[in-house]
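**Q** when you get a sec, could you give me coordinates for this:
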Amino acid sequence: MFCNNCGKEVNEDSVFCNYCGNRLKSIEVGQENIKPSLKEEIKAAWKNGTEKAEQERMEKRRTKDLEQLKVMKRELQNNLKPKDGKYHVILIESEAKSSFDNHIQVFKLENTLEIIQNQGYEIIDIKIIGIQYAGGTTGSEAIVIYK
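**A** Below you'll find the predicted structure:
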């Protein structure tokens, strides 16, 4: 067989010319040549791979967020004002980019309230302010008044 671009002789089974790189034959590999069971296996492997990657990403995110919550809990316990009968205020800030983040926001507030109550304080009031940042990020600030 000869290359239709440079005219040099090439092997019959060559797809490209060894001399000029010209494509000699088109490669006809379509899904019609794949057995149906193999097609399904490929689709399932692709789907499972992307789902597994997403699960791993979310698990890493959860682990990171839970670590942040542990740090927040320690800081909160160290920063509570003395039980002196006076009103005190604490601000809880958080931002969310996804529905999972929104759950973390609620979880932070619930944990904060639980920590305050477990330390023997009385929660007087809670004010929640929603914030919309540029780029679709939302956030909230919760002001907790305790005694």
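**Q** state the number of residues packed around Glu67.
**A** Neighbour count for Glu67, taken as other CB atoms under 10 Å: 10. Every C-beta, even on glycine, is put in place using the N, C-alpha and C of the backbone.
**Q** in three-state terms, label it for me.
**A** Here Glu67 takes the helix state, with states given by DSSP: H, G, I helix; E, B strand; the rest coil.
**Q** equivalent analysis for Cys20, please.
**A** Once three-state DSSP is applied, Cys20 turns out coil.
**Q** might you report the residue contacts of it?
**A** 3, 5-6, 8 (CB atoms under 8 Å, 6 or more residues apart in numbering).
**Q** Asp125 contacts Ala142, correct?
**A** No. If you go by CB atoms under 8 Å, Asp125 and Ala142 don't touch, sitting 10.7 Å apart.
**Q** neighbour-wise, which of those two wins?
**A** Counting neighbours by other CB under 10 Å for Asp125 and for Ala142 shows that Ala142 has the greater number, 19 against 10.
**Q** are we agreed that the more buried one is in a strand?
**A** Yes. Under three-state DSSP, Ala142 sits within a strand.
**Q** check what pLDDT the residue nearest to it when sequence neighbours are not counted gets.
**A** Nearest non-adjacent residue to Ala142, counting by CB to CB, 6 or more residues apart in numbering: Ile92, 4.3 Å away. Listed pLDDT for Ile92 reads 80.
**Q** returning to what we had before: name the member of the contacts of Cys20 with the most neighbours.
**A** Busiest of the contacts of Cys20 [other CB under 10 Å] is Cys3, holding 19 neighbours.
**Q** quick check: that one touching Val15?
**A** No. Counting by CB under 8 Å, Val15 is not a contact partner of Cys3; they are 11.6 Å apart.
**Q** overlap in contacts of the two?
**A** With CB under 8 Å, 6+ apart as the test, Cys3 and Val15 both reach Leu24.
**Q** just give me the neighbour total for the nearest residue to Glu122 once chain neighbours are set aside.
**A** Nearest residue to Glu122 in three dimensions, chain neighbours excluded: Lys147, at 4.9 Å (CB to CB, 6+ apart). Neighbourhood size, Lys147 [other CB under 10 Å]: 14.
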